[in-house]
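Enquirer: using only what follows, build the 3D model:
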Amino acid sequence: MGLPKFNTQEEFQKTLGTKTAWSAGVAFTFLISFLGYLLALIPGFNHVGQLACAIIIAVAYRQFFGYPEALKPGIIFSSKHLLRTAIILYGLKLNMAVVLQDGVWLLLRDAGVISFSILTTIGLAKLFKADKKISFLLGVGTGVCGAAAIAAVAPIVKSKDEDTAISVGIIALMGTVFSIIYIILRPFLPLDALQYGLWSGTSLHEVAHVALATAPAGNDAIAIGMLAKLGRVFLLIPLCFILIAIMKYKNRESTGSKIEFPWFLVGFIVFSVLGSYVFGHFIPVSDYVMDGLFTLTTWLLTAAMVGLGLNVSLKELRTKALPPLVAMSFTSVALSVIVYFIV
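Expert: This is a model prediction of the structure:
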């Protein structure tokens, strides 16, 4: 069942060659991504989604077969470079024109949501004595846009691959749970389609979760929900620059602890501008091509998360993940209740 055993990575590379080891490692992350895709087709798991399913499989593989050292070069490439490529392409999902057209109120409200999510999660983490880094990442994921936000922020705050993978897995799972709860509650709530869509888009974790929760309420709910969510995605840009400034200030006296500028964030901004003002306006791009790019983004992000998931040890997960999960759950419930009364 497991991979062929080699004593060292060098032995593997001498046997098959460095390029082969790299290619096999990348292919391995896509293989698990494909298995996650198949698992997500099964009723029940289809609500969890490909990303979370792939991470579950990756973590399970690590526990049963250990980390595949022989494939390490390709796995690292997926978890680092494919991740940054996915974040850059994710910019196409942000329609800056729509966000800016809606005005300052949308951004102010979403800034409040992000601030509340991060600060509340951090505060509860102190109360529960939870892991600070995982709790912070979960706060960012809850406030902004789930896995994509965690992936963008993680290298800035120098998160360990294991902590990033744990955070992404938790946010994907809990976001799905909350989406299903929203769907169950909708018929009993005194909200029309627009109010329900606004509630979902302002309080749920990821774009996919908003789409899942608003679909039963119709196109109007989906449209307003996505608009509310896009405002939070837009604020990922200033949030990252704020975090860069904070990290530089905290490390100002530390020698050899420089904060690498996340150039992929520039790519995210460029692709946001292209998707908002260029594609479809000056350069005709069909919906088929855009859908293909969105699908590619999902696969790249999934492969990257598999690379991170292979670093997760369940022995440490028991002690590290539960307190942040509890803190994030309390924050999510509070956010849902507050936003409900606002809309």
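
Enquirer: got a pLDDT number for the residue nearest the centre of the chain?
Expert: Of all residues in the chain, the one closest to the mean position by C-alpha atoms, centre = their mean is residue 147, 0.8 Å from it. Note on residue 147: pLDDT of 86.

Enquirer: quick one: it and residue 298 touch, right?
Expert: No. Using C-beta atoms under 8 Å, residue 147 is not in contact with residue 298, being 10.4 Å away. Any C-beta I mention is one placed from the backbone N, CA and C, and that applies to glycine too.

Enquirer: just to revisit the earlier point, dump the residue contacts of the residue nearest to the centre of the chain.
Expert: Shown in contact with residue 147 (C-beta atoms under 8 Å, 6 or more residues apart in numbering): 51, 141, 168, 171-172, 206, 301, 305.

Enquirer: how far is the helix or strand hosting it from where the chain is centred?
Expert: For residue 147, the host element (DSSP states H and E) is helix 146-153. Averaging C-alpha positions (C-alpha atoms, centre = their mean, to the nearest Å) puts helix 146-153 4 Å from its chain's average.

Enquirer: and the following helix or strand past it, which residues are buried?
Expert: Sequence-wise, the next helix or strand downstream of helix 146-153 (DSSP H and E) is helix 161-185. Across helix 161-185, burial judged by 16 or more other C-beta atoms under 10 Å covers 161-179, 182-183.

Enquirer: got it, and stretch 298-310?
Expert: Buried residues in stretch 298-310, counted by 16+ other C-beta under 10 Å: 298-310.

Enquirer: which members of these are positioned in helices?
Expert: The members of the buried residues of stretch 298-310 that map onto helices under DSSP state H are 298-309.

Enquirer: adding pLDDT and distance to residue 326, write those out as a markdown table.
Expert: Compiled in a markdown table, those are given as follows (pLDDT from 0 to 100; distance: C-beta to C-beta, whole Å):
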| residue | pLDDT | distance to residue 326 |
| --- | --- | --- |
| 298 | 89 | 29 |
| 299 | 94 | 32 |
| 300 | 93 | 31 |
| 301 | 89 | 26 |
| 302 | 90 | 27 |
| 303 | 94 | 30 |
| 304 | 90 | 27 |
| 305 | 85 | 23 |
| 306 | 91 | 26 |
| 307 | 89 | 27 |
| 308 | 85 | 22 |
| 309 | 85 | 22 |
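
Enquirer: turn these into TSV, including distance to residue 152.
Expert: Listed next are those as TSV, based on distance: C-beta to C-beta, whole Å:
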residue	distance to residue 152
298	16
299	18
300	14
301	11
302	16
303	17
304	12
305	13
306	18
307	16
308	14
309	18
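
Enquirer: wait, which of these is closest to residue 193?
Expert: Taking C-beta to C-beta as the measure, residue 193 lies nearest residue 298 of those, at 27.2 Å.

Enquirer: tell me the contacts of that closest one?
Expert: So residue 298 contacts 50-51 (C-beta under 8 Å, 6+ apart).

Enquirer: now do it against residue 309, distance only.
Expert: Residue 298 sits at a distance of 16 Å from residue 309 (criterion: C-beta to C-beta, to the nearest Å).

Enquirer: next: residue 99.
Expert: For residue 99 relative to residue 309 (C-beta to C-beta), the value is 32 Å.

Enquirer: same deal with residue 182?
Expert: 27 Å.

Enquirer: how about residue 142?
Expert: To residue 309, residue 142 is 20 Å away according to C-beta to C-beta.

Enquirer: how about residue 212?
Expert: Counting by C-beta to C-beta, the gap from residue 212 to residue 309 is 22 Å.

Enquirer: for residue 279, give me phi and psi.
Expert: Phi and psi for residue 279, reported as degrees, to the nearest 10, are phi -70, psi 130.

Enquirer: ok, it - contacts?
Expert: With C-beta under 8 Å, 6+ apart, residue 279 has these contacts: 92, 285, 290.

Enquirer: which of the residues you listed are buried? Put it as a PyMOL command.
Expert: Burial among the contacts of residue 279 is assessed by 16+ other C-beta under 10 Å; the matching PyMOL selection reads:
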select buried, resi 92
